[in-house]
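Peer 1: fold the following for me, if possible:
(2 chains)
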2 protein chains.
Amino acid sequence: MKSILIKQVLCNGTLSDVLIEGEVFSMIDTHIETDAELIVDGKGMAVLPPFYNGHTHAAMTLLRGYADDLPLFTWLSKYIWPLEAKMTADDIYWGTKLAVLEMIKSGTVFFNDMYWHDDATIRAVEEMGVKAAIGMPLIESTGKKNIDYCFERLDSLTRQGALPRNVQVTVAPHAIYTVGETLFKKCVDYAERKGLVLHTHLSETQQEVDDCIKKYGMRPVEWLDSLGALQPNLVAAHVIHVNDKEMDLLAENKVTLVHNPVSNMKLGSGVFPSAALLDAGCRIALGTDGCSSNNNLDMREEMKTAALLAKCHYRRPELLPAETLYRMCNLNCSDVFHLQSGTIEVGKKADALLIDVTDERMVPCHNLISNWLYSAESSIIDTVICNGDILMQHRHVHDEEEILDHAAQCAYNLKNKLKP
Amino acid sequence: MKSILIKQVLCNGTLSDVLIEGEVFSMIDTHIETDAELIVDGKGMAVLPPFYNGHTHAAMTLLRGYADDLPLFTWLSKYIWPLEAKMTADDIYWGTKLAVLEMIKSGTVFFNDMYWHDDATIRAVEEMGVKAAIGMPLIESTGKKNIDYCFERLDSLTRQGALPRNVQVTVAPHAIYTVGETLFKKCVDYAERKGLVLHTHLSETQQEVDDCIKKYGMRPVEWLDSLGALQPNLVAAHVIHVNDKEMDLLAENKVTLVHNPVSNMKLGSGVFPSAALLDAGCRIALGTDGCSSNNNLDMREEMKTAALLAKCHYRRPELLPAETLYRMCNLNCSDVFHLQSGTIEVGKKADALLIDVTDERMVPCHNLISNWLYSAESSIIDTVICNGDILMQHRHVHDEEEILDHAAQCAYNLKNKLKP
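Peer 2: Numbering: from 1, shown residues only, chains lettered A, B, ... in the order given. Take a look at the predicted model:
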């Protein structure tokens, strides 16, 4: 069994040795004597839980900076959709590899993805060594053939042994405005029967709410409730425009809400009502959304932005303190995807970051977590460990140059395809 | 005369050679043949204007992470003020050196400071090689002796040759609620007579506005107008709670407003009305404020936050596009402090960053400035040049370890002084 011993690293407030055996933390003590396969010097470093990205579209890194600072509909219809329509499985493979490279370098070891060509995404994830939940978006207007194909894929990928050990699939009805009652209900039933996470966009814009009321005579969360979709396996991204009754429904049914502050702010979608949702008892995770509305996958930046937005919106600087936010973006996400990780604790899956506490952004150290969330940047991450595998050490990730070259070429070709 | 030739660097959209002679850019061309003292390989890099931090309290890096996520008055009265009261000139010297180290590493070459012990700050700035405008806060309640001392310092520092070439002093009445009519008027007259910038905090909280109306029967900007303070040499930080009439007054009188989005959001002070101020024709610069309410001095993060806040607040994703923001935080700040810099242009002072465009956050490159502002982090800065001097190359800054050690020790000692 592979083993890693991290010597004299700052761990939960004390200098400790941390032993990883196989996929788990097996011992944390002031001094451990053992013959580990690999000894890592933890001097000047702290070991911390990494990030779990609750909602993204990884391959959209290819669209990073392609269209910014535009009104929402122009952005979508003139730029994003036409380019996406040209994307091949190969583009998605390299776009996802670029995304995962960036994730690893910024401390993320798991992401919940929604995009086409799941085969390309799965291959990229497996090669890079991170963990992921992958779902192809179900959109009614893509036609029956495509929908049937998505379910066939789900049938085939949920067979014993069909998936790499770090990948799970999700059922991903895109949103309540792109999926009708029958299909959404089918997704809910399918997810329940197979024990899968149901991943959707929810109440991202006021328009969505207005249209839902017009069409169904009820608000989006109420409509989902009427379909039996509000369950602990539901991961709903955005969730901005919800009223008190909807908040209570989300809390009672233990739905996980994924807050995407940067994307919501950049697109002017509205303000995630974090304080009200927490008061109602909702479970909140964090996500970056895709790179066309962010424009990176940096979860530390996402946490700082979430804190700033809540404090600003409610005029209450005490809201969303650093420790709470950090738990949201590791423990809460880990829980809903059953990753058994998110803390540095014996028995938990060995997901960890070693961060350089001697960097100028970490000095002085009145409060390590506050420095990490509010002051640092992800370049202070030296080492990233996922399920006991070292994905980055001394900021070096395997095949970096090849990924950058291929991804840049794919993006360049894509744009050329749009030229008249 | 010292000279630097940067070979084949991406400059304003084309691969160019950039020649710096003395303190200025002397030639930018596709190919320059010359015997420069230093040749810098620009391969894989872009040359961009650096940042100018319009409002900060540099030495407060010592309080980084000391007190976060607290209600405003608890934060100030229980934590910040008691610690500040214990700060010596030596603390301020090392705190400022730590701040400037962080500034250089995140691409800032100028800052507008307000803090005590200007001698310590000046010494730190001169040793580090950046540029600064330095003002000691004038606060009525510190007593006549202290106020007199501040003006004596200003008298002495404005004598020919008293200041290092990269330092200017400002007259810095702290705020309208800490400085009365007579003293504020004296500051305005002094600044005008000596041709100095007048630096103050303005309309940061609603309380400040309410108190002003109660005391003077007019709003803060109107009160400043009545004193003759609204002039092109006025640099006003925060400026959140202003009405239409005040915006017009600020625009007509060409006042420079410094937007500090991270601090304002973190403290729940309110939302800087950027769109309305721009519509009114106001000139806006950007600042980080001090590290106790940010908690870093990263101007790139400040720009992204400014963009997000405006787009979110007004629900208009097209507001504050990347190029506009970048001009705000270099040209607009450079102008009011007469730095003759802020663009990469022949004849301008040679302030520049070389950034690594091969970093994963910069790939693909649909739009360089958008990638830089919205996606990158400051660790992609390889080289920082200020007035023709290289302050950082390959991310190495002089005396880094010594600064970190001393600053950490100062912060530790300070906290110990508060123990019962």
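Peer 1: give me the distance from stretch A:14-28 to the chain's centre.
Peer 2: In terms of Cα atoms, centre = their mean, to the nearest Å, the centre of stretch A:14-28 is found 25 Å from the chain centre.
Peer 1: now do the same end-to-end measure for it.
Peer 2: Distance between the boundary residues of stretch A:14-28 (Cα to Cα, to the nearest Å) amounts to 11 Å.
Peer 1: same question for that stretch: list its buried residues.
Peer 2: For stretch A:14-28, the neighbour count (16 or more other Cβ atoms under 10 Å in any protein chain shown) marks A:16-21, A:23-26, A:28 as buried. Every residue, glycine included, has its C-beta placed from N, CA and C.
Peer 1: for those residues, work out which two are farthest apart.
Peer 2: A:S16 and A:E23 (19.8 Å; Cβ to Cβ).
Peer 1: now go through the buried residues of stretch A:14-28 and say which are in strands.
Peer 2: Per DSSP state E, strands hold the following members of the buried residues of stretch A:14-28: A:16-21, A:24-26, A:28.
Peer 1: can you give me phi and psi for A:A236?
Peer 2: Dihedral pair for A:A236: phi -110, psi 120, per degrees, to the nearest 10.
Peer 1: go on, A:H199?
Peer 2: The phi/psi pair for A:H199 (degrees, to the nearest 10) is phi -120, psi 120.
Peer 1: got it, and A:Y326?
Peer 2: Backbone geometry at A:Y326, expressed as degrees, to the nearest 10, gives phi -60, psi -40.
Peer 1: can you give me the neighbour number for it?
Peer 2: 21 (other Cβ atoms under 10 Å in any protein chain shown).
Peer 1: hmm, back to that, filter the ones in strands among the buried residues of stretch A:14-28 down to the ones near chain B?
Peer 2: Residues of these in contact with chain B (Cβ under 8 Å from any Cβ of the partner chain): none.
Peer 1: let me know the closest of those residues to chain B.
Peer 2: A:S16 (21.4 Å; Cβ to the nearest Cβ).
Peer 1: what's across from the closest one in the sheet?
Peer 2: A:V9 (DSSP bridges).
Peer 1: wait, it sits on A:M45?
Peer 2: No: shown here, A:S16 and A:M45 do not form a contact pair, counting by Cβ atoms under 8 Å, at 11.6 Å.
Peer 1: please report how far A:N367 lies from B:R64.
Peer 2: 9 Å (Cβ to Cβ, to the nearest Å).
Peer 1: settle it for me: which of the two has more neighbours?
Peer 2: B:R64 (32 against 20).
Peer 1: which residues does the helix or strand of chain A with the lowest mean pLDDT contact?
Peer 2: Least confident element among the helices and strands of chain A, by mean pLDDT, DSSP states H and E: helix A:72-74 (a mean of 84). If you take Cβ atoms under 8 Å, 6 or more residues apart in numbering or on different chains as the criterion, helix A:72-74 is touched by A:205, A:267-269, B:317.
Peer 1: what's around A:A307, how many residues?
Peer 2: 25.
Peer 1: ok, it touching A:I369?
Peer 2: No: assessed by Cβ under 8 Å, A:A307 is found out of contact with A:I369, at 11.6 Å.
Peer 1: next, show the common contact partners of these two.
Peer 2: A:A322.
Peer 1: quick check, pLDDT for A:L76.
Peer 2: The model reports A:L76 with a pLDDT of 87.
Peer 1: what's the distance between it and chain B?
Peer 2: Plainly put, A:L76 is 11 Å away from chain B if you go by Cβ to the nearest Cβ, to the nearest Å.
Peer 1: on the three-state scheme, A:L70 is what?
Peer 2: Three-state assignment for A:L70 (DSSP: H, G, I helix; E, B strand; the rest coil): coil.
Peer 1: what sits against it?
Peer 2: When contacts are counted by Cβ under 8 Å, 6+ apart, A:L70 touches A:78-79, B:317-318.
Peer 1: between the residues you listed, which is closest to A:C212?
Peer 2: Nearest to A:C212, judged by Cβ to Cβ, of these is B:P317 at 22.6 Å.
Peer 1: grab the nearest non-local neighbour of the most centrally placed residue in chain A.
Peer 2: Centroid check for chain A by Cα atoms, centre = their mean gives A:N53 as the closest residue, at 1.8 Å. Spatial nearest neighbour of A:N53, chain neighbours left out: A:F111 (4.0 Å); criterion: Cβ to Cβ, 6 or more residues apart in numbering or on different chains.
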